[in-house]
Each structure stands twice: as C-alpha cells, then as structure tokens.
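K.L.:
sequence and predicted structure, then a few things I'm wondering about:
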Amino acid sequence: MALLFKSDVDRPDSWIPALRTALPGMEVRKWPEVGDPAEIDYALVWQPPEGFLASLPHLKAILSIGAGIDHLTRDPKLPRHLPLVRMVEPGLTSGMTEFVVMQSLFHHRRLLDYLDQQDRKVWRELAPVAAWQRRVGVMGLGELGADAVDRLVRLRFDVAGWSRSRRALPGAACFAGQEELPAFLARSDILVCLLPLTEETDSILNAQLFAQLPKGACVINVGRGEHLVEQDLLAALETGQIDSATLDVFRDEPLPPDSPFWSHPRVVVTPHIASMTIPETAAEAMAEAIRTLEAGGTPPGLVDLARGY
Ligand code: NDP
Ligand code: OXD
C-alpha cells in the first residue's frame, strides 16, 4: 500500500518520518515524486492542484491535512464518491484553543488600548471588567469550538456557543440554528468564528450580523476569510459598532500589501497561524483513520459532503 503526502506549506522533513513511524508497512511518497499513480491508495493533502486527486485511479480515500476541507471541495473534479477524512488531532485542537483564549483575553483586557497608551507614553488605568461580566460567543461547536468553549468557561467568561444542531456543553449556554442566532449574537461581546466554510456560512460575518452584536463588540475570525465581508467590518469599525477585531484568515492569502487591515489601529492581523497540524500527533490520527477505513469503520472527521463539512 502507498500513501502520497502533498503540501507546499507543511514541512516534509517532519511529516515523512512521522508517517513512516505511524504506518509501518505503508510506502510513503512525497509529492512531486508520485511514481505510478495507480499505486497510490491514500492521499494526505493540503491544496492539491485541481484535478490531481481524480488522476489517481485506485485511490481509496482522501485525507485532509487541515480541519477545513474547502481547499478540496473547490476542485470541480474532486472524486466525491471517495471517503474524505478531515484532520482531527489533539495538536491542532490545543493550538486553536490557545489562540482563541489568547485573543479573547487580549481584547477582554483591552491590550490594544494599553499598547496605544504606551505609544503615547500615557499612564492611565482603564475601567476593569471581570471575566464573568464579559460575554463570549463561539460560532461553531465542533472539534475546535467545543474545546475553546471549555477553556473559556474555566477562565470564568460568560460563554455561549452556536451550532447547526443542538449541543450541550458544560457551563455554556448553547444556541442552535438560524432562529436562535439573533439571541446568541445579542449576548456576544466577543464573537469568535470557528465555523467551516459552506454555502450556508459563506459571508456570514456581514453588516446585518454586526448590527445584532452589542455596540463595541469584538470579532475574532479564525474560521475562513470567506466568512467575513471585509468592507462591512471596516464600516462597522468606523462607526464603533465593532470596537476591534483579530483576523487570522482572509479572502486573499497572503494578505495583499494594500489591505487596510495591515495598518488598522483596531485590528490584529496574523498570517493564518491560529493553529497548525502537528505532524507527530496528526500522523497517528491519520494512521488510525486508515486502519478504521480498512476495517470498514467510520473514522473521526469523516466528512459528509452533502452537508458540506
Ligand atoms: P467541525 O466540523 O468539527 O465543527 C463545525 C461546527 O460548525 C459544528 O458545531 C457545526 O454544527 C457548526 N456549523 C456548521 N455549519 C453551520 C451552520 N450553517 N450554522 C451553525 N453552525 C454550523 O469543525 P472544526 O471545529 O474541526 O473546524 C472548524 C473550522 O476551523 C474549519 O473548518 C476551518 O475552516 C477552521 N480552522 C482554522 C484554522 C486556522 O488556523 N485559522 C485551523 C484549523 C481549522 P453541528 O455541531 O450542528 O454539526
Ligand atoms: C485548517 C487550517 O483547516 O489550518 O486546519 O486552516
């Protein structure tokens, strides 16, 4: 059996040995040295070229290096009949929770204001707000969102989550579906987007949604750039409806030099690093997924393409 690894951003010198250790007996090949395409059973990929997966005639399953699968579904030739397994692994989850907690605390403790004061050599205390007085709302309560909620609850924030189907998370108020979105938004001083990109969630962070948040709310987008209507956020920052934002993902990546976000005083920009797949733990997770598929089972992260995530 052979597995092909393809990514231009993940380091093969860490991944290939980790995969060989986790999958003894599997031949691991590194793009672009595909060899005979008919010998590839599994493809572990990030942003493969359009049509490439369809060119592997005996492929048994597609494994996504990322939790998101939009890098695959945008390929019109994606072999949609094959099982598609997205990344579910502890390194990615804990990295995302670190980032969400860090940015929630950053905005909660008004670090942008204190950095501005430092620039101006101003020594002034700003009115404190306790964590339990700060309402954090997490959109998306899957692998990543649920773990972030758990940590935010433990930090004593007043936490709510929103998902498609009803979830129950200890210590957090759970909202579900379009009909409960307004109530969820009305109590989100800090809004975190951890949704997958689907037809339903594309451009969900727009002017109409911002207007439903409490005035002066903060937005943390760690889902996908396409979730955000950038002009609507800029306008909401201008009026003060949104006080500040952290943006890790963008419609155009790398973020173009002329993007107004680079120099916006109320926006933190990071280069799609909120979390990254960790080769050692991810290789184990993918090896387990392959064993489960070979045994005819359902691995964690098996995507429902009809649902879109
Ligand atoms: P999951 O599939 O585990 O969770 C998705 C969650 O979103 C579920 O709770 C789901 O609801 C909810 N959801 C989906 N569609 C809707 C909808 N229309 N309305 C309301 N809720 C909806 O995904 P993960 O948690 O693993 O990952 C989430 C996303 O995070 C990825 O798709 C990716 O885009 C992004 N990501 C970003 C990274 C970065 O570095 N910036 C790193 C890793 C991931 P339900 O529970 O009912 O199914
Ligand atoms: C992912 C990502 O989807 O890194 O895992 O964006």
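P.N.:
Received it, and whenever you're ready, just let me know what you need. Ligands and ions are numbered 1, 2, ... in the order given.
K.L.:
verify the contact between Arg224 and Ile69 for me.
P.N.:
No: using CB atoms under 8 Å, Arg224 makes no contact with Ile69, being 10.8 Å away. Backbone N, C-alpha and C define where each C-beta goes, glycine included.
K.L.:
setting aside sequence neighbours, what's the nearest residue to the residue nearest the centre of the chain?
P.N.:
What sits nearest the mean C-alpha location of the chain, by CA atoms, centre = their mean, is Gly223, with 4.0 Å. Using CB to CB, 6 or more residues apart in numbering and skipping residues adjacent in sequence, the residue nearest Gly223 is Cys193, 4.3 Å away.
K.L.:
got the residues of the stretch 101-250 of the chain near ligand 1?
P.N.:
With the criterion set to CB under 6 Å from any ligand atom, the stretch 101-250 of the chain comes near ligand 1 through 140-145, 162-165, 167, 194-198, 200-201, 222-224, 248-249.
K.L.:
where do the strands of the stretch 101-250 of the chain begin and end?
P.N.:
135-139, 158-163, 173-176, 190-193, 217-221, 242-247 (DSSP state E, counting those that start in this stretch).
K.L.:
just the buried residues of the fourth one, please?
P.N.:
Under the neighbour-count criterion of 16 or more other CB atoms under 10 Å, strand 190-193 has 190-193 buried.
K.L.:
right, is it up against ligand 2?
P.N.:
No: Strand 190-193 is not in contact with ligand 2 by CB under 6 Å from any ligand atom; minimum separation 12.5 Å.
K.L.:
for that strand, which strands pair with it and how are they oriented?
P.N.:
Paired strands of strand 190-193, with direction, are strand 135-139 (parallel), strand 217-221 (parallel) (DSSP bridges).
K.L.:
hmm, back to that, could the strands of the stretch 101-250 of the chain go into TSV alongside mean pLDDT?
P.N.:
What follows is the strands of the stretch 101-250 of the chain, written out as TSV (pLDDT from 0 to 100):
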stretch	mean pLDDT
strand 135-139	99
strand 158-163	99
strand 173-176	98
strand 190-193	99
strand 217-221	99
strand 242-247	99
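K.L.:
rebuild the ones you listed as CSV, extending it with distance to Trp15.
P.N.:
Shown next, in CSV, are those (distance: least, CB to CB, whole Å):
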stretch, distance to Trp15
strand 135-139, 30
strand 158-163, 32
strand 173-176, 36
strand 190-193, 28
strand 217-221, 28
strand 242-247, 28
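K.L.:
ok, the closest residue to Arg251 other than its chain neighbours to Ser263 distance?
P.N.:
Take Arg251 and drop its neighbours on the chain: the residue closest to it by CB to CB, 6+ apart is Gly225, 4.2 Å away. From Gly225 over to Ser263 the distance is 18 Å, taken as CB to CB, to the nearest Å.
K.L.:
neighbour-wise, which of the two wins?
P.N.:
Neighbours were counted for Gly225 and for Ser263 using other CB atoms under 10 Å; Gly225 has more, 17 against 8.
K.L.:
all good on my end, thank you.
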